[in-house]
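Colleague: here's a sequence, model it:
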Amino acid sequence: MISPESAVEQVPVDTDQETISQVLAGDRNAFSLLIRKYSDPLYRHALGMTGSPDVAEDILQTSFIKAYNHLGEVRGRFDAWLFRIVANGCKDWLKNIRRTHVSYEEDDQPSGYAGPDEELDRSELRDDLDRALARLAPSLREAFIMKHVEGRSYEEMADVLGTTVGALKMRVHRAREALQSMLEEKYAC
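Modeller: Model prediction:
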């Protein structure tokens with residue numbers, strides 16, 4: 001018997017395959033359906049990995065172009081394949097960039113209830129966390145962001161990244177320990 005959850009999971013994959021077939025048959029406009037479907041989660045991932053809205057957008061655009069040009073090479077789930085392209089773009093950028101400070105330029109959820117001191121404290125904590133995340137190895141940062149920012153399950157992460165649940169649990173654990181160590185001195189009570 002097919003559970004409702006597995007039935008829901010099958011629909012996007014079949015739809016993706018149908019859309020890919022349309023694109024490969026010459027309907028270039030069909031690719032925009034895939035762009036609309038996957039832009040937001042992939043952008044959030046790229047933003048979490050790079051800390052820069054502009055860089056995240058550039059990586060996303062480059063990734064979609066690469067995906068379009070290699071669409072005939074998709075084997076398995078399109079979403080996992082596309083995620084790997086974006087993740088690799090982020091890792092390449094991280095390898096090639098020299099930065100001393102990482103922060104999110106825009107706070108898309110400003111608080112109307114916090115006073116100036118609270119806003120300063122929150123901003124400082126966010127900056128400290130951003131700097132600490134930037135110091136993590138890319139594989140640890142990726143696992144931490146997928147788990148704690150994007151809210152993915154370990155099983156979904158393993159499927160997308162092509163690794164084991166155990167390996168990902170270890171990466172997330174090591175990322176937490178490293179972040180705690182980096183932030184502990186300043187924020188210890």
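Colleague: let me know the pLDDT of the closest residue to Ile145 other than its chain neighbours.
Modeller: Once flanking residues are discounted, Ile145 sits nearest to Gly48: 4.0 Å by C-beta to C-beta, 6 or more residues apart in numbering. For every residue, glycine as well, the C-beta is placed using N, CA and C. Reported pLDDT at Gly48 in the predicted model: 88.
Colleague: contact partners for the residue most central in space within the chain?
Modeller: Nearest to the geometric centre of the chain sits His45, at 1.9 Å (C-alpha atoms, centre = their mean). His45 is in contact with Phe83, Val86, Ala87, Cys90, Ile145, Met146, Glu150, counting by C-beta atoms under 8 Å, 6 or more residues apart in numbering.
Colleague: would you check which pair of those lies furthest apart?
Modeller: The distance between the two most remote of the contacts of His45 (C-beta to C-beta) is 13.1 Å, for Cys90 and Glu150.
Colleague: so the residue nearest to Ile145 touches Lys147, yeah?
Modeller: No: in this structure, Gly48 is not within contact of Lys147 by C-beta atoms under 8 Å, at 11.0 Å.
Colleague: pLDDT below threshold where in this structure?
Modeller: Applying pLDDT under 70 to the chain flags residues 1-14, 97-122, 188-189.
Colleague: can you give me the helices in it?
Modeller: 4-24, 31-50, 53-69, 78-96, 116-135, 138-144, 154-161, 165-187 (DSSP state H).
Colleague: could you give the angle of the last one to helix 154-161?
Modeller: Relative orientation of helix 165-187 and helix 154-161, computed by axes from the mean of the first three to the mean of the last three C-alpha atoms, to 10 degrees: 110 degrees.
Colleague: sounds good, over and out.
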